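Student: for reference, the sequence and a predicted model appear below.
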Amino acid sequence: MWYAPGNGRGKWWPLVAITLGNFMLLVDVTIVNTALPRMADSLGASFTSLQWVMDSYALALAALLMVAGSAADLFGRRRLYVAGLALFALASLACGLAPGADVLVAARAVQGIGAAAMFATNTPLLMAAYQGRDRGVAFGVWGGTSGAAAAVGPVLGGVLTEWADWRAIFLVNLPLTAVAVRLTLRHLGESYGDRGARIDWPGAACFTVCAGALTYGLMRGGDHGWTGTGTLATLAVAVLALLVFVAVERRTARPLLDLRLLRRPSFAVLMAAALLMQAAAFPYLTFVGLWAQNVLGMSPIGAGLAATPLALMSLLVGVFGGRLLQRMRPQLPLGVGLLLIGAGGLLHVALLRTGADWPALVPGLAVSGLGVGAAMPVLVSAALGAAPPERAGMASGAVNTFRQLGFAFGIAVLGTVFGDALRHAGTGRAAVAAGYLDGLRDIALVSGVVALATALPVLAVVRGGRGPGGGRPGGGQGADAARGAEGSRGAGEPVREAAV
């Protein structure tokens, strides 16, 4: 039986079904952070393998997010959401049973494919399930739990790793996905978008090859040298795939990404900001977890708690300042947010000196959290305001794709910098500890400079009216966070976007 939104108590079950899936897929971006040292010990995994455990998930999610939105419009959003949940559960089981690092990395990639199907259908399903005031409530809850996922992920990963085993961080998804599937089938009706649309498979394939080859090339360059034949060949493949992608998209009637959008200066800068902001703000936490456990000797739970000031400050800004941020012109919260993220990175450089303990992280993470809280909630609505209304779904899908790519590229680039510091650290305990601190300072410097440099074009180029509360046409369509929601989009509903 499907409970219509107006049927009393039953009307919120669709929200529970969708929010549960969204929470799981976002938690799995960061839940791995505090389990990485135990994974390395258990599987004999190298530092590069640990990077791929993080990156394979984010890459698959980013590469397939837009094509999953098109598939949902064509084949049915509920159908694709359930298929994504099922694939996510099977891949989680494979992760939990993985006998080696290679199997774990492959299973994480499959998990990311399922997550892409889930993420791409979240928003359209909510739009179809709720109207009027109920829709505002539903998206408020959905956005709040999305933000909470950033805070919960590292701590939940630490709890499960310490009290059970690192494999539990994946196996816990099995009962949760079973509940989400049952609720979805029982309480959500099917909805479609443009059923005459075609999926841009050539564009999706080129985009995936480009992103994967570039990430692999960045990691290989750090390990084997930037002038090695393998590194140069991989980077050449990435460039070639990008050129083919551009050629395909220019000639396709229904492209995965309409490249004409990038001719709009505001839109192009916002895509760059989405990628670089995510790269500067979040991958750093992965290496903080390694330092906290491998050098400071903290437990997985303690390491997870040490990384939470960023997420907690971000949530506080969203709770107490979210309405004000959405009424401001987008370049202000975005630009100031990036400046704060950059300042947080530079604080790490100043405070992480020899003998530093975890409290030295708090000021930098807190300041960065203020920046994340200011910038992230307006990013999607700013992208929508910079695109024509008929491209709203494509614009929001693109900005979420660039965000996930930013995380993947950030892990690759910062991991290369961090690994280089470890390789030059020496062999003694004190030398290794100093190498970890040097690595953290180096990646904090890179993150800080990138964020500060990104803030300048955002403040100079991005233009547009106020956000959803400000009455700009299309500005309140932040609900289209997953691409392809045009067919079911309501008018003027403000929506909060996921924090991670």
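Tutor: Arrived safely, thanks for sending.

Student: okay, CA-based contacts and neighbour counts for the rest of this
Tutor: Noted.

Student: touching the helix or strand in which Ala343 is found from outside, list them.
Tutor: Ala343 belongs to helix 331-351 when assigned by DSSP states H and E. If you take CA atoms under 8 Å, 6 or more residues apart in numbering as the criterion, helix 331-351 is touched by 277, 280-281, 325, 360-361, 363-376, 378-379, 440-442, 444-445, 447-452, 454-456, 458-459, 462-463.

Student: pull out the buried members of the residues you listed.
Tutor: 277, 280-281, 325, 360-361, 363-376, 378-379, 440-442, 444-445, 447-452, 454-455, 458-459, 462-463 (16 or more other CA atoms under 10 Å).

Student: what about the stretch 101-250 of the chain, any weak spots by pLDDT?
Tutor: Within the stretch 101-250 of the chain, the stretches with pLDDT under 70 are 194-197.

Student: one more: the chain?
Tutor: 1-9, 194-197, 464-500.

Student: now do the contacts for the closest residue to Val413 other than its chain neighbours.
Tutor: The shortest distance from Val413 to any non-neighbouring residue, by CA to CA, 6 or more residues apart in numbering, is to Leu218 (6.3 Å). Counting by CA under 8 Å, 6+ apart, Leu218 touches 231, 412-413, 416.

Student: check Pro99 too.
Tutor: Leu43.

Student: can you start the count at 42 instead of 1 from here on
Tutor: Right, with 42 as the first residue, what we last looked at is Pro140.

Student: how is it assigned, secondary-structure-wise?
Tutor: Using DSSP: H, G, I helix; E, B strand; the rest coil, the structure places Pro140 in coil.

Student: quick one: the residue of the chain most remote from its centre from Leu337, how far?
Tutor: Relative to the centre of the chain, the most outlying C-alpha is that of Gly469, 36.6 Å out, by CA atoms, centre = their mean. According to CA to CA, to the nearest Å, Gly469 and Leu337 sit 15 Å apart.

Student: what does Ala439 give?
Tutor: To Leu337, Ala439 is 40 Å away according to CA to CA.

Student: just want to know which of these two has more residues nearby.
Tutor: Ranked by neighbour count (other CA atoms under 10 Å), Ala439 and Leu337 place Ala439 first, with 24 against 16.

Student: correct me if wrong: the more buried one contacts Met107.
Tutor: Yes. Between Ala439 and Met107 a contact is recorded at 7.1 Å, counting by CA atoms under 8 Å.

Student: what's the first helix or strand after the helix or strand containing Ala407?
Tutor: Following DSSP H and E, one finds Ala407 within helix 403-426. As assigned by DSSP H and E, the chain's next helix or strand after helix 403-426 is helix 433-464.

Student: distance between that next one and the chain's centre?
Tutor: 9 Å (CA atoms, centre = their mean, to the nearest Å).

Student: show me what the helix or strand following it packs onto, helices and strands only.
Tutor: Counting by DSSP H and E, the next helix or strand C-terminal to helix 433-464 is helix 470-502. When contacts are defined as 3 or more CA pairs under 8 Å, 6 or more residues apart in numbering; DSSP states H and E, helix 470-502 sits against helix 306-322, helix 325-335, helix 372-392, helix 433-464.

Student: so for Thr349, which of the ones you listed sits nearest?
Tutor: helix 325-335 (9.2 Å; CA to CA).

Student: could you check the angle the closest one makes with helix 372-392?
Tutor: 30 degrees (axes from the mean of the first three to the mean of the last three CA atoms, to 10 degrees).

Student: what about Leu486, distance to Tyr325?
Tutor: Leu486 is 11 Å from Tyr325, by CA to CA.

Student: same thing with Leu283?
Tutor: In terms of CA to CA, Leu283 sits 27 Å off from Tyr325.

Student: tell me which of these two has more neighbours.
Tutor: Comparing Leu283 with Tyr325 by other CA under 10 Å, the one with more neighbours is Tyr325, at 23 against 20.

Student: what's near enough to touch the more buried one?
Tutor: 452, 455, 484-485, 488.

Student: could you work out the most separated pair of these?
Tutor: It's Ile452 and Ala485 that sit farthest apart of the contacts of Tyr325, by CA to CA, at 12.6 Å.

Student: about what we covered before: now the phi/psi pair for the residue farthest from the centre of the chain, please.
Tutor: phi -70, psi 160 (degrees, to the nearest 10).

Student: cool, and Thr293?
Tutor: Dihedral angles (degrees, to the nearest 10) for Thr293: phi -90, psi 130.

Student: tell me who's in contact with it.
Tutor: Going by CA under 8 Å, 6+ apart, the list of residues near Thr293 reads Asp241.

Student: now it: how far from Gly62?
Tutor: Relative to Gly62, and taking CA to CA, Thr293 is found at 33 Å.

Student: break this structure into its domains for me.
Tutor: Domain segmentation of the chain under automatic domain parsing yields 42-235, 242-294, 299-525+536-541.

Student: the last one: how far from the chain's middle?
Tutor: This points to domain 299-525+536-541. 10 Å.

Student: same check, this time on the second one
Tutor: With CA atoms, centre = their mean as the basis, the distance from the averaged C-alpha position of domain 242-294 to the chain average is 21 Å.

Student: stretch 133-152 too?
Tutor: 20 Å.

Student: end to end on it, go ahead and measure it.
Tutor: Using CA to CA, the two ends of stretch 133-152 sit 7 Å apart.

Student: report the buried residues of it.
Tutor: Applying 16+ other CA under 10 Å to stretch 133-152 flags 133-139, 142, 145-152 as buried.

Student: ok, so of these, who is nearest Ala314?
Tutor: Ala150 (25.2 Å).

Student: OK, contacts around that closest one?
Tutor: 97-101.

Student: element containing the residue nearest to Val454, please.
Tutor: Going by DSSP H and E, Leu259 is part of helix 242-265.

Student: that helix: what's the following helix or strand?
Tutor: Following helix 242-265 toward the C-terminus (DSSP H and E): helix 270-292.

Student: hmm, who's touching that following helix?
Tutor: For helix 270-292, using CA under 8 Å, 6+ apart, the contacting residues are 243-244, 247-248, 250-255, 257-259, 261-262, 265-267, 296-300.
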